[in-house]
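Colleague: Generate coordinates for the sequence data below:
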Amino acid sequence: MNRPLDDNELKIYANARDSHEDEKKKEISHGSRRVDFNYDDIFVYMGGRVPRHLRAHITRAIVDQSISVVDEYAFYNCTRLRSLECHEGVDRIRKRAFMNCTGLRVAKLIGVKFIEMEAFELCTRMLDIEFGGDLRTIGRRAFSNCNSVRRLRLTSTSVVSIEKLAFENCGRLVDVALPEGIDTVRGQAFSGCINLRRITIPLKTGMFSPDCDRYRYMRSVFDGVSVYQLLSLLAESLNLCPT
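Modeller: Numbers count the residues shown, from 1 in each chain. Model prediction:
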């Protein structure tokens, strides 16, 4: 009569039973660590840059709990990537990390504090960006040419600075809401956003420039928006800059 298998033997048996499943996985070097990647699964980012031979295959990505920074060029040109999820411990996305991810539609950035320059530039199919309450800075051209985004809701964030050209040419953007705590919106931040219909901003002295001709600078921030449209959206805001 055969005796029951103990716990260790059960684990060995399970590993042997599933070994054929492991053959369809590829173990790759990724930064200083290793990760198993299955083309049918979610890709778990563990630092560094995604190897080039995988960039055409990744469709869903999450950031590993051990990672607090997404490195520059990490997912550059991952054109099939459709969704990204960052945990609350991810506080920085470096420059061009997701540049030219033309298939990216949803980005959950719930813990991110700093989004560096061109981080999501040319993510042309981006529909939904979920920002967290800790967000502080949106860098230069961070979301430039994300021309599928329709609404930008930052009222529940801690954003203090939106840098130059941050949302340039987001041509389908219709609704922008900025938080009470925002201090600075740099020149041309929303240039080319020709379909803007609603802007909610706090009335705060000096927010748009430290030394500006108020009308000229406001025109710069929203370059490409028609004069009549700009005036209807921002009539009360034309006195924000210091004299």
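
Colleague: Any idea what Tyr45 is bridged to?
Modeller: Beta-bridge pairing for Tyr45 (DSSP bridges): Val63.

Colleague: That one: what's it in contact with?
Modeller: By CB atoms under 8 Å, 6 or more residues apart in numbering, the residues touching Tyr45 are His30, Ala61, Ile62, Val63, Asp64, Ile67, Val70, Ala74, Phe75. Placement of C-beta: from N, CA and C, glycine included.

Colleague: and the gap between the last one and Cys86?
Modeller: When distance is defined by CB to CB, to the nearest Å, Phe75 is 12 Å away from Cys86.

Colleague: And for the second one?
Modeller: Ala61 sits 9 Å away from Cys86 when distances are taken as CB to CB.

Colleague: Please apply the same query to the third one.
Modeller: With distances defined as CB to CB, the gap from Ile62 to Cys86 amounts to 8 Å.

Colleague: Who has more neighbours out of these two?
Modeller: Neighbours were counted for Ile62 and for Cys86 using other CB atoms under 10 Å; Cys86 has more, 23 against 16.

Colleague: What is the burial count for the residue nearest to that one when sequence neighbours are not counted?
Modeller: Nearest residue to Cys86 in three dimensions, chain neighbours excluded: Val63, at 4.9 Å (CB to CB, 6 or more residues apart in numbering). Per other CB under 10 Å, the neighbour tally for Val63 reads 24.

Colleague: what does the one 3 residues further on give?
Modeller: Burial of Ser66 is recorded as 10 neighbouring residues (other CB under 10 Å).

Colleague: If we ignore the residues flanking it in sequence, what's nearest it?
Modeller: Nearest non-adjacent residue to Ser66, counting by CB to CB, 6+ apart: Met46, 7.0 Å away.

Colleague: pretty sure the one you found contacts Val69?
Modeller: No: Met46 is not in contact with Val69 according to CB atoms under 8 Å; the separation is 11.8 Å.

Colleague: The residue nearest to Cys86 touches Glu85, doesn't it?
Modeller: Yes: contact criterion CB under 8 Å: Val63 and Glu85 qualify, at 7.1 Å.

Colleague: Helices of the chain, residue ranges please.
Modeller: Along the chain, counting by DSSP state H, helices occupy 7-17, 19-22, 214-221, 227-234.

Colleague: who touches Val90 in this structure?
Modeller: Contacts for Val90 (CB under 8 Å, 6+ apart) come out as Val63, Ile67, Ser68, Val69, Val70, Leu109, Gly111, Val112.

Colleague: Distance check, the second one against Ile58.
Modeller: In this case it means Ile67. For Ile67, the distance to Ile58 - CB to CB - is 16 Å.

Colleague: number of nearby residues for Arg150?
Modeller: Arg150: 12 neighbours (other CB under 10 Å).

Colleague: For it, give its distance to Glu180.
Modeller: Per CB to CB, Arg150 is found 23 Å from Glu180.

Colleague: before we move on, the earlier item: pick out the shakiest of the helices of the chain, pLDDT-wise.
Modeller: Mean pLDDT is lowest for helix 19-22 among the helices of the chain, at a mean of 41.

Colleague: Could you check how many residues crowd around Met75?
Modeller: One thing to correct before we go on: residue 75 is Phe, not Met. Neighbours of Phe75 under the rule other CB under 10 Å: 26.
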